[in-house]
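Asker: Have a look; sequence and predicted model below, questions after that.
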Amino acid sequence: MTDDAAATPTCLARPLPGPDDGGAGCAAARGVDGRPLHAAALKFFWGPMDCGKSTMALQMNYNHARQGRRGLVTTRIDRSLGPQVTTRIGLAHTAVEVTDELDLRALVRDTWAEGVRIDYLICDEASFYDVAHVEQMAELVDGYDVDVYAFGLATDFRSCLFPAARRLFELADEVARIQVEVLCWCGREGLLNARVVDGRVVREGAQVVIGDTVDTADVRYQVLCRRHYRSGDLGPRA
Ligand SMILES: [Zn+2]
């Protein structure tokens, strides 16, 4: 738990009131609005770049919304560099930008206070969030009965886990590798995200270089199989 979470009175016994519970607290709220208690879950869907994570995130949001559930989409450092989730196949959705200062619990509480019950969060690009945000996700599930679906990379260009991804692996109720296959140039399944600078695989530098640099500038990323990530072989067309 973070210091912040530890200092906050636990929500399990008496969560902050939602918009439709008359301030009576969690147990009464569920009874009054007829909203069935359900076993909320924290799920982490991970995969390399280009495997369709954001597309799947928006599809999941669509599926839940169709069932009458209310959700929020959050992101950080989307390729559009704006407060929205965009996908390489052209889908887009407005999203809440996750800053260092943003508390996901406060985001849900504030939305409830506006009269909108939030049933779930879709957290795109979650590997770029802070570890504290992942702790907040867990509390939203356990204390607020809000489902949290996180999507992101597992490892950075050095093939090391992002801190937030590590925490998601540790805390999530369910972890799933996204099954849309991204292939290495050799035909093997792509696993790792190589950073390519001036045509060479680099293994040192800042963990995150912002923006969608694919096909532009001197820095780009290429998904490789483990064998070719390790050898630094970018293939015949590199
Ligand atoms: Zn390969």
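Answerer: That came through, no problem.

Asker: any idea how far Pro236 is from Glu204?
Answerer: Distance of Glu204 to Pro236, given as CB to CB, to the nearest Å: 26 Å. Where you see a C-beta, it was placed from the backbone N, CA and C, and this is true even at glycine.

Asker: again, but for Val208
Answerer: From Val208 to Pro236 the distance is 29 Å (CB to CB).

Asker: can you pull out the strands in the protein?
Answerer: Assigned by DSSP state E, the strands in the chain fall at 42-46, 71-75, 84-86, 92-94, 96-97, 120-123, 147-152, 174-177, 192-197, 200-202, 219-224.

Asker: Out of those, which gets nearest to the ion?
Answerer: The closest of the strands of the chain to the ion is strand 219-224. By CB to the ion, the value is 5.6 Å.

Asker: Same list, the strands of the chain, but as a markdown table with mean pLDDT, mean neighbour count and distance to Ala113 please.
Answerer: Formatted as a markdown table, those follow (pLDDT from 0 to 100; neighbours: other CB atoms under 10 Å; distance: least, CB to CB, whole Å):
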| stretch | mean pLDDT | mean neighbour count | distance to Ala113 |
| --- | --- | --- | --- |
| strand 42-46 | 96 | 24 | 23 |
| strand 71-75 | 94 | 23 | 14 |
| strand 84-86 | 81 | 21 | 24 |
| strand 92-94 | 85 | 14 | 20 |
| strand 96-97 | 92 | 16 | 15 |
| strand 120-123 | 96 | 26 | 16 |
| strand 147-152 | 96 | 26 | 20 |
| strand 174-177 | 95 | 12 | 30 |
| strand 192-197 | 92 | 20 | 39 |
| strand 200-202 | 91 | 15 | 47 |
| strand 219-224 | 90 | 20 | 40 |
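
Asker: where in the protein is pLDDT low?
Answerer: Residue ranges of the chain with pLDDT under 70: 1-37, 78-82, 180, 210-217, 238.

Asker: returning to what we had before: between Val208 and Pro236, tell me which one has more neighbours.
Answerer: Val208 (14 against 7; other CB atoms under 10 Å).

Asker: which ones are touching the closest residue to the more buried one other than its chain neighbours?
Answerer: The shortest distance from Val208 to any non-neighbouring residue, by CB to CB, 6 or more residues apart in numbering, is to Phe128 (6.2 Å). Going by CB atoms under 8 Å, 6 or more residues apart in numbering, Phe128 touches Arg76, Ile77, Val98, Gly152, Phe162, Ala164, Val208.
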